[in-house]
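1. how would this look folded up:
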Amino acid sequence: MPDDNPPNSGTITLTMGDLALGLMGSAVSPGGGDAPEADYLGAARGRIGQDPLSTFSEVARAELNRPLGRVAAALSLSPMEQAAVGLAFAVETDPMAGRAAAYLQSPVGGSRPTLGLLARVLAPLGDGPGDLAALAAGPAVRSGLLRLAETGPIPERAVWLSEAITSCLAGVGTGWPGLIEMPRSISADWPGSLAEALAPIAAGLRTERETLLVLRSLSRSDRTEIAARLARALDRRAALFDLEKIETRGLGAFLATAGLLPVFQTEVTPGEFRELPELPGYSGPVIACLGPEGAVGQASRGLTEWSLPLPRPDERARLWASAFDDPAMCADLGREHLQSAGRISEICRYARTEAVLHGKDVPDLDALRAAIWWSDGGGLGALAQPVKDVIPDDTMIMTPGLSRDLGHLLARCRSREKLTETLGGALQARYKVGVRALFVGPSGTGKTLAASWLSGKLTLPLYRVDLAAVSSKYIGETEKNLSVLLAKAEEQDLILLFDEADSLFGKRTDISDSNDRFANAQTNYLLQRIETFSGIVLLTSNAKNRFDEAFTRRIDAIIDFNHPDAEERLALWYAHLGSGHLLAAEELSRLAAFADLTGGHIRNVVLMAAVLAHGTGEPITYAQILEGLRSEYRKLGLTVPSELILRGRAS
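-> Below you'll find the predicted structure:
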């Protein structure tokens, strides 16, 4: 520091480190030798004046709005502790300060000051004989602000600052183990309804500072966005931490030094409780971002929860309009897609990229579909697989009854959010926006095909659940897997398809051993979770009587997929063969009349015939269809009806 700025001149340029080094200089006798360390400490002594306490008061006032002043106030550090932190900081940032400490501590200590040195040179700021013990057990050490060597005699234990605290005090960074970079803010117009709901929450946290706020939302991006906005409303910056990687020692001191608001991000499973780390030295609210299940707590803080609502349909439409120049489509998306602001923003970003890659000025419906698939499914892992089949209306061969039932289900899915707005209170009080449908019928009757058709009509991704991956022999693991799966599906607004769902949702049994007890507990969890599920879930089974009665009560629609009759089979043959065949209308009618097969079997027959025809380079013939029939009937353990074989020989 310049020598022409005395401490009482009115322009304070000294720091706590300067004061501590000056007091160290007082321990060096005048003319103590030619060592550069002695000269360095002598110059430092000359800068602090004759009254250390007066100089401390002036330096402390100047530090009030700086990182060291903030953490000193938060931890109620004594003058000696503040000077000790200042000296530790000087040693970490100024090589000569470390050499000076080693010079005074030789031959016992190194370049980092020991407790004995601090108690001796900072004595003018202390209270007397108990200074050493006060430093060793004071809030600076207890909070982890000052790190203390764990072994050796107490006077010889070195103290230092962590790299993160040093960076904060220097004003050059705020790094910490487990600290995650906050996601970028949502660029589209923030929904007004969420902004209005946020204001009273922020006001409450400003008053009740020692509060743990649990933010619950299906969308991780919305949780962090709300946390960042709350922090700004409290004149702080949000610091997002991963609880799996965080270092807790000194964390409170780090937060106080950097002026940050801690936001803990974690995923807890059903019935799990997680205690958040205590933060000695930090004074202010704490935010925890959670999904819909599990719980967290912190003993020193009162707890309150806020489940973030979805934006209103008109607000969602405006968010969609940030990328799509089609007001009608945006209005439909706003009504039918129960997406969070963060999710919509993400899809729009992908859609704009998709449009650019294909040379389009603005995204269209194709870009929307691609973007939804690009941006979905994160975290589903091996629990479910995407089903991307596009099923046009003309390929759906349905009876009038099936067409009516699927149409009703489609309408229910499209109106699920606002369905009860004009209905009675008894319905509104318990209504859940999720849609649950059970498709029942023999294999090959089009249940999965109908699920893909519904996915296309709603422009929502369809995922088939891998029951083998979800189920586990370990107690509680199946429920955890399903919890992750359903939460992710709700967050992304996916359609989940459970094939052969009776293996998971089957009837509860009488308890004869512990296996029955755990199986029933699993079924109970599924029944409760499926009722609160806010997305669309489709289940398939060969028979509805395999399900628990309590489960069927929770189902919104049960749709029967019956074995096709002759007229439907004829339509299926035409739909699968297309125009690449040589079969006469009479031959197709005979196939429909005598080959009592489902759509799935007819598909296999046509594929086999296509393989045979491909080798000849000619369209499919009846003889090739007959070979396909033989193959399919063998799989079923049956023989081809004689009426079809005779017709084949005659041709």
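
2. in the stretch 351-500 of the chain, what spans have low per-residue confidence?
-> Scanning the stretch 351-500 of the chain for pLDDT under 70 picks out 376-382, 427, 429, 468, 472-476.

3. Helices of that one, start to end?
-> For the stretch 351-500 of the chain, the helices defined by DSSP state H, counting those that start in this stretch cover 365-374, 400-414, 425-430, 447-458, 467-470, 477-492.

4. Contacts for the shortest one next, please.
-> Counting by C-beta atoms under 8 Å, 6 or more residues apart in numbering, the neighbours of helix 467-470 from elsewhere in the structure are 382-383, 478, 481-482, 485, 498-500, 503-504. Bear in mind the C-beta positions are built from the backbone N, C-alpha and C, glycine included.

5. would you list those residues in a markdown table and tack on neighbour count and distance to Gln50?
-> What follows is these, written out as a markdown table (neighbours: other C-beta atoms under 10 Å; distance: C-beta to C-beta, whole Å):
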| residue | neighbour count | distance to Gln50 |
| --- | --- | --- |
| Ala382 | 10 | 74 |
| Leu383 | 19 | 73 |
| Thr478 | 20 | 75 |
| Asn481 | 20 | 72 |
| Leu482 | 21 | 74 |
| Leu485 | 22 | 72 |
| Phe498 | 21 | 82 |
| Asp499 | 17 | 86 |
| Glu500 | 13 | 88 |
| Ser503 | 14 | 86 |
| Leu504 | 19 | 82 |
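
6. Out of these, which is nearest to Ala451?
-> Asp499 (9.2 Å; C-beta to C-beta).

7. I'd like to know how far the closest one sits from Asp466.
-> Asp499 is 9 Å from Asp466, where distance means C-beta to C-beta, to the nearest Å.

8. again, but for Gly617
-> With C-beta to C-beta as the criterion, Gly617 and Asp466 are 40 Å apart.

9. Compare the two and say which is more crowded by neighbours.
-> Asp466 (17 against 6; other C-beta atoms under 10 Å).

10. does the more buried one really touch Asn481, like I thought?
-> No. Asp466 is not in contact with Asn481 according to C-beta atoms under 8 Å; the separation is 9.9 Å.

11. what do these two both touch?
-> Joint contacts of Asp466 and Asn481 (C-beta under 8 Å, 6+ apart) are Leu383.

12. follow-up on the earlier one: among the helices of the stretch 351-500 of the chain, which comes closest to Leu212?
-> Nearest of those (C-beta to C-beta): helix 477-492, 21.5 Å.

13. now the angle from the closest one to helix 365-374?
-> 150 degrees (axes from the mean of the first three to the mean of the last three C-alpha atoms, to 10 degrees).

14. Outside of helix 477-492 itself, list whatever touches it.
-> 218-220, 267, 269-270, 291-293, 340, 343, 375-380, 383-384, 461, 463, 465, 469-472, 494-496, 522, 525-526, 529, 533-535, 537.

15. Narrow the residues you listed to those that are buried.
-> Those of the contacts of helix 477-492 that meet the buried threshold are 218-220, 267, 269-270, 291-293, 340, 343, 375-377, 380, 383-384, 461, 463, 465, 470, 494-496, 522, 525-526, 529, 533-535, 537, by 16 or more other C-beta atoms under 10 Å.

16. Mind checking which of the residues you listed land in strands?
-> In this view, the buried ones among the contacts of helix 477-492 that belong to strands under DSSP state E are 384, 463, 465, 495-496, 537.

17. and the residues you listed as JSON lines, adding distance to Glu156?
-> Shown next, in JSON lines, are these (distance: C-beta to C-beta, whole Å):
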{"residue": "Ala384", "distance to Glu156": "60"}
{"residue": "Tyr463", "distance to Glu156": "63"}
{"residue": "Val465", "distance to Glu156": "63"}
{"residue": "Ile495", "distance to Glu156": "67"}
{"residue": "Leu496", "distance to Glu156": "64"}
{"residue": "Val537", "distance to Glu156": "66"}
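
18. Relative to Ala331, which of those residues is nearest.
-> Using C-beta to C-beta, Ile495 is the member of these that sits closest to Ala331, with 21.4 Å.

19. Kindly provide the distance from the closest one to Lys457.
-> From Ile495 across to Lys457, the span is 11 Å (C-beta to C-beta).

20. before we move on, the earlier item: CSV for the helices of the stretch 351-500 of the chain, including distance to Arg112?
-> Output for the helices of the stretch 351-500 of the chain, formatted as CSV (distance: least, C-beta to C-beta, whole Å):
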stretch, distance to Arg112
helix 365-374, 52
helix 400-414, 66
helix 425-430, 64
helix 447-458, 64
helix 467-470, 53
helix 477-492, 46
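
21. closest to Ala202 out of the ones you listed?
-> Ranking these by proximity to Ala202 (C-beta to C-beta) places helix 477-492 first, at 24.7 Å.

22. what's the pLDDT at the most centrally placed residue in the chain?
-> Centroid check for the chain by C-alpha atoms, centre = their mean gives Arg220 as the closest residue, at 3.9 Å. Note for Arg220: predicted pLDDT of 81.

23. Now Ser221. Nearest residue, chain neighbours left out?
-> When the adjacent residues along the chain are set aside, Ser221 lies closest to Gly342, with 3.0 Å between them (C-beta to C-beta, 6 or more residues apart in numbering).
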